[in-house]
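Visitor: the following block contains a protein sequence and its predicted model.
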Amino acid sequence: MADLFSAEWMTRYQEEWNNEPELADALAKINFTSTIAYGIEGEEQPRGVLVVQDGKAVNAGAYSGEELSWDLRASEDNWNKWIAKGLGMMGLGMAYTSRKLKFKVGDYGAMIKDPRMAKPFIKSFSVMGRV
């Protein structure tokens, strides 16, 4: 298996993202366009990046200085736990309030209040488990 959030891992994640209607199709309905980075807490910059246009992941790979809409950070242990088990709404809230999941860039409050964004965000963790 590829290293977490490596270019190879991110490319597989892009494929799985686009194959999941509850993610890609749901976000297409709200014209969701963002550049999302994923990384390890304590590291200077994120490891991987996913570019989403109108719900579809159109580019993925290693982070190389892109301007970010979202930058999500957690320990590698927590990422691996969430990837293996998924993350529900309550788990997401606990991860955020306990600072196990950090949003270095992006508005968690706005996202979580909008079910059209929150449900796909939660779905993205189970999609990571397919990589």
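Guide: Cool, got the structure. A quick note: this is a predicted structure, and the numbers were derived from the prediction, not measured. Numbers count the residues shown, from 1 in each chain.
Visitor: can we go C-alpha only for contacts and neighbour counts from here?
Guide: Will do.
Visitor: what residues are up against residue 54?
Guide: If a contact means C-alpha atoms under 8 Å, 6 or more residues apart in numbering, then residue 54 has 27-33 as its contacts.
Visitor: can you give me the strands in this protein?
Guide: Assigned by DSSP state E, the chain shows strands spanning 34-40, 48-53, 56-62, 70-74, 102-105.
Visitor: need those strands in TSV (columns: mean pLDDT, distance to residue 12 and mean neighbour count).
Guide: Converted to TSV, those look like this (pLDDT from 0 to 100; distance: least, C-alpha to C-alpha, whole Å; neighbours: other C-alpha atoms under 10 Å):
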stretch	mean pLDDT	distance to residue 12	mean neighbour count
strand 34-40	97	14	22
strand 48-53	98	11	23
strand 56-62	98	9	20
strand 70-74	97	18	20
strand 102-105	95	23	17
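Visitor: and of the ones you listed, who's closest to residue 7?
Guide: Shortest distance between residue 7 and those, using C-alpha to C-alpha, is found for strand 56-62: 4.0 Å.
Visitor: contacts for that closest one, please.
Guide: Against strand 56-62 from outside (C-alpha under 8 Å, 6+ apart): 5-11, 14-15, 17-18, 24-25, 27-28, 47-52.
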